[in-house]
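S.K.: sequence below, structure please.
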Amino acid sequence: MKRLAGFLLLVATSLLSFGQPLVTTPPDKIYGKLFVDVQMNRVFPDGKTFVDCIPKRKPAEILADYDAQKETAGFDLKKFVADNFEIPAGPTDNYKTNTTEDVVTHIKNLWSVLKRTPDKVVEGSSLLPLPYPYIVPGGRFREVYYWDSYFTMLGLKESGEIEMIDNMVKDFAYLIDNYGHIPNGTRTYYLGRSQPPFFSVMVELLAEAKGDSVFQTFLPAMEKEYAFWMDGADKLKPGQAYRRVVRLKGGDILNRYWDDATVPRQESWREDILTAQRSGRDKGEMYKHLRAAAESGIDFSSRWFADSRNLVTIRTTDFVPPDLNALLYHLEWAIAKARLMNKDDSTAANFRRKAIHRGELIDKYCWNKTVNFYTDYDFKRAKQSTHITPGGMYPFCFINERSDYMSFLGQKVAAVIREKLLQPGGVATTAFNTGEQWDSPNGWAPLEWMTIWGLDRCGQKDLAADIAGRWVKLVEKVYKETGKLNEKYNVVDINKEAGGGEYPGQDGFGWTNGVTLKLIEKYHLPKE
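M.R.: Below is the predicted model of the structure:
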């Protein structure tokens, strides 16, 4: 009877709360040798294509046939895949841009193109099912992504799409409830990692439209996400790190990016194996750093490189980033707010203290007096990075204490941005040109917004407006010339395309749409 009860509990807990089976097994585990052969032989130019394929029949049957046929004369691996899998369709194949529309009208029309309805589970598919409608970024990104979605929501709010924001926040709460965290994206191969924790910022955005009771509604999800990011904090000794938590040598606790998986990224399997081989370093260590960079969303950038130039020197997990910790400051503040609304004064006070202390620690470890900017703290070497990136602007977006002090620092960072990052099309991602997509000459909508928001909040309103104008002008220029809203832009030479990365440029594009629409409305910019 006990065995039966245990089995029934297992069945019950393996179902999502909206009745779909809990999907967890990534493609490399489902398809084994077939997966490795497809990825290593580059059956598709983009490694993400195969992991998004849907089997036409049961995976076990496909694998049995593969084992029986793969050594036969004339076997064609590409044909075998095409015969046995539905290849993901190209994005917006049936959508044609009308460039006579101004960019605002175009973006508002795009929401219906990028909208997806609730999902159904398909055996062998990597998609994590969601119970409510959502917006995808576009291009090769056929599923919802965590940090992308906040910036998309900025535009949805300007478009009056409040119910869509509500649906997406509920989708993310479902993911936290069922998987313990919000994955990088809704695919099984993303389950080892999360992304910059914007969930509480999304809750705040929704609350602006629907009232502060939203904080109470999503309090359980916020607390569960906080537990995910802080897992292991109470067991660490000074100088130790576990998962996403670091106890610094003085005993202070801050956070880093991490990924629990120990293999190459399934969607970039071949690329990670080759990078690890080129590095000459321990392969497992390399996969950790590569995956942690993917959790940061900044994949890849000189920000994480030991030599500031080459991917093979990556060491993401050695850094305590100011942007991540500023987001966790906001999460602590949001939990405190919700607990206070629930009349739980003691827990609210505890989380307020946590937030205030974290703000002080961000200043202690990440404010770099030499370069006058918030930079990553290398806890392994006990020294600050000198890299100037928009990640250093996050503290200005969120930290509420010491407003006079933050305004004083704002004058300093504004001068640094003008000198190091400001370009004709906005702000560059870094001052280094390495060929990686999160380096110069590229600019990205989320980092434009966080820089503008931070500058505006610390009193540097003229520079914030200047950057907003440059960015929107560039986005509108490219839209008029190509009919596209792109994932990233060349902000240094506005007549050239952005480059770098493991895949071609993508258009659609959720966060560009959201940030551009928000900036046009906020700064009353021309709609061209």
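S.K.: next up, the contacts around residue 494.
M.R.: Residues near residue 494 by C-beta atoms under 8 Å, 6 or more residues apart in numbering: 424-425, 474, 477. In short, each C-beta sits where N, CA and C put it, glycine included.
S.K.: likewise residue 171?
M.R.: Listed by C-beta under 8 Å, 6+ apart, the contact set of residue 171 reads 130-132, 134, 144.
S.K.: secondary structure element for it, which one?
M.R.: Residue 171 is part of helix 162-179 when elements are defined by DSSP states H and E.
S.K.: what are the buried residues along that helix?
M.R.: Buried positions in helix 162-179, judged by neighbour count with 16 or more other C-beta atoms under 10 Å: 162, 164-176, 178-179.
S.K.: stretch 480-499 too?
M.R.: Neighbour counts over stretch 480-499 (16+ other C-beta under 10 Å) mark 484-492, 494, 498 as buried.
S.K.: measure it end to end?
M.R.: 20 Å (C-alpha to C-alpha, to the nearest Å).
S.K.: from the chain's centre, how far out does that stretch sit?
M.R.: Relative to its chain's centre, stretch 480-499 lies at 21 Å (C-alpha atoms, centre = their mean, to the nearest Å).
S.K.: just to revisit the earlier point, could I have the CA atoms of the helix holding residue 171 written out in PDB?
M.R.: Only the C-alpha atoms of helix 162-179 are listed here, as PDB (Å, rounded to 0.1, in the frame of the first residue of the first chain):
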ATOM      1  CA  ILE A 162      -2.400  44.700 -19.900                       C
ATOM      2  CA  GLU A 163      -4.000  41.200 -20.000                       C
ATOM      3  CA  MET A 164      -1.100  39.900 -22.000                       C
ATOM      4  CA  ILE A 165       1.300  41.100 -19.400                       C
ATOM      5  CA  ASP A 166      -0.900  39.500 -16.700                       C
ATOM      6  CA  ASN A 167      -0.900  36.200 -18.700                       C
ATOM      7  CA  MET A 168       2.900  36.200 -19.000                       C
ATOM      8  CA  VAL A 169       3.500  37.000 -15.400                       C
ATOM      9  CA  LYS A 170       1.100  34.100 -14.500                       C
ATOM     10  CA  ASP A 171       3.100  31.800 -16.900                       C
ATOM     11  CA  PHE A 172       6.300  32.700 -15.100                       C
ATOM     12  CA  ALA A 173       4.700  32.000 -11.800                       C
ATOM     13  CA  TYR A 174       3.600  28.600 -13.100                       C
ATOM     14  CA  LEU A 175       7.200  27.900 -14.100                       C
ATOM     15  CA  ILE A 176       8.500  28.800 -10.600                       C
ATOM     16  CA  ASP A 177       5.800  26.700  -9.000                       C
ATOM     17  CA  ASN A 178       6.500  23.600 -11.100                       C
ATOM     18  CA  TYR A 179      10.200  23.900 -11.900                       C
END
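S.K.: I'd like the next helix or strand past it.
M.R.: Where DSSP H and E defines the elements, the next helix or strand beyond helix 162-179 is helix 199-210.
S.K.: tell me the domain ranges of this structure?
M.R.: 16-222, 397-528 (automatic domain parsing).
S.K.: export those domains to JSON lines and tack on distance to residue 271 and mean pLDDT?
M.R.: Converted to JSON lines, those look like this (distance: least, C-beta to C-beta, whole Å; pLDDT from 0 to 100):
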{"stretch": "domain 16-222", "distance to residue 271": "7", "mean pLDDT": "95"}
{"stretch": "domain 397-528", "distance to residue 271": "6", "mean pLDDT": "96"}
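S.K.: SS state for the residue lying closest to residue 342 once chain neighbours are set aside?
M.R.: Leaving aside its chain neighbours, residue 342 sits nearest to residue 216 (6.2 Å; criterion: C-beta to C-beta, 6 or more residues apart in numbering). Under the three-state scheme (DSSP: H, G, I helix; E, B strand; the rest coil), residue 216 adopts helix.
S.K.: any idea how far residue 207 is from residue 216?
M.R.: As judged by C-beta to C-beta, to the nearest Å, residue 216 and residue 207 stand 10 Å apart.
S.K.: who has more neighbours out of these two?
M.R.: More crowded of residue 216 and residue 207, by other C-beta atoms under 10 Å: residue 207, with 20 against 15.
S.K.: just the buried residues of helix 162-179 now: which is nearest residue 373?
M.R.: residue 172 (31.0 Å; C-beta to C-beta).
S.K.: what residues are up against the closest one?
M.R.: Residues near residue 172 by C-beta under 8 Å, 6+ apart: 146, 149, 182, 199, 202, 221.
S.K.: which residues outside stretch 236-253 are in contact with it?
M.R.: 228-233, 235, 254-258, 260, 317, 320, 361, 364-365, 379, 382.
S.K.: and what of stretch 106-124?
M.R.: 18, 20-21, 23, 30, 54-55, 58-59, 62, 92, 95, 97-98, 101, 127-138, 144, 155-156, 159, 161, 164, 479, 485, 508, 510, 513, 516-517.
S.K.: now, these that are in helices?
M.R.: The helices, defined by DSSP state H, take in 30, 59, 62, 155-156, 164, 479, 510, 513, 516-517 from the contacts of stretch 106-124.
S.K.: so who does residue 289 touch?
M.R.: Going by C-beta under 8 Å, 6+ apart, residue 289 touches 304, 314-317.
S.K.: which stretches in the stretch 201-350 of the chain count as helices?
M.R.: 213-217, 219-230, 269-279, 283-296, 322-341, 345-366 (DSSP state H, counting those that start in this stretch).
S.K.: one step back: any idea which of the domains of the chain is most buried?
M.R.: Mean neighbour count (mean count of other C-beta atoms under 10 Å) peaks for domain 397-528 among those, with a mean of 20.
S.K.: distance between stretch 375-393 and the chain's centre?
M.R.: Taking mean C-alpha positions (C-alpha atoms, centre = their mean), stretch 375-393 and its chain are 19 Å apart.
S.K.: what comes up buried for it?
M.R.: Buried, per 16+ other C-beta under 10 Å, within stretch 375-393: 375-379, 384-385, 387-393.
S.K.: reformat those as CSV; add secondary structure and distance to residue 244.
M.R.: Shown next, in CSV, are the buried residues of stretch 375-393 (DSSP: H, G, I helix; E, B strand; the rest coil; distance: C-beta to C-beta, whole Å):
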residue, secondary structure, distance to residue 244
375, coil, 19
376, coil, 15
377, strand, 15
378, strand, 16
379, coil, 13
384, strand, 20
385, coil, 19
387, coil, 21
388, coil, 24
389, coil, 20
390, helix, 21
391, helix, 16
392, helix, 20
393, helix, 22
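S.K.: got CSV for those residues, with pLDDT too?
M.R.: Rendered in CSV, the data for these read as follows (pLDDT from 0 to 100):
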residue, pLDDT
375, 98
376, 98
377, 98
378, 98
379, 97
384, 98
385, 98
387, 98
388, 98
389, 98
390, 98
391, 98
392, 98
393, 98
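S.K.: now these as TSV including distance to residue 114?
M.R.: As requested, the buried residues of stretch 375-393 are exported to TSV (distance: C-beta to C-beta, whole Å):
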residue	distance to residue 114
375	35
376	33
377	37
378	39
379	39
384	39
385	36
387	33
388	33
389	28
390	25
391	27
392	31
393	27
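S.K.: what is the helix or strand harbouring residue 453 packed up against?
M.R.: Using DSSP H and E, the element containing residue 453 is helix 445-457. In this structure, helix 445-457 makes packing contacts with helix 146-158, helix 394-398, helix 403-420, strand 426-427, helix 461-482, helix 510-523, judged by 3 or more C-beta pairs under 8 Å, 6 or more residues apart in numbering; DSSP states H and E.
S.K.: contacts for that helix?
M.R.: 147-148, 150-151, 154, 297, 323, 389-391, 393-397, 406, 410, 413-414, 417, 421, 426-427, 429, 461, 463-464, 467-468, 471, 509, 511-512, 514-516, 518-519.
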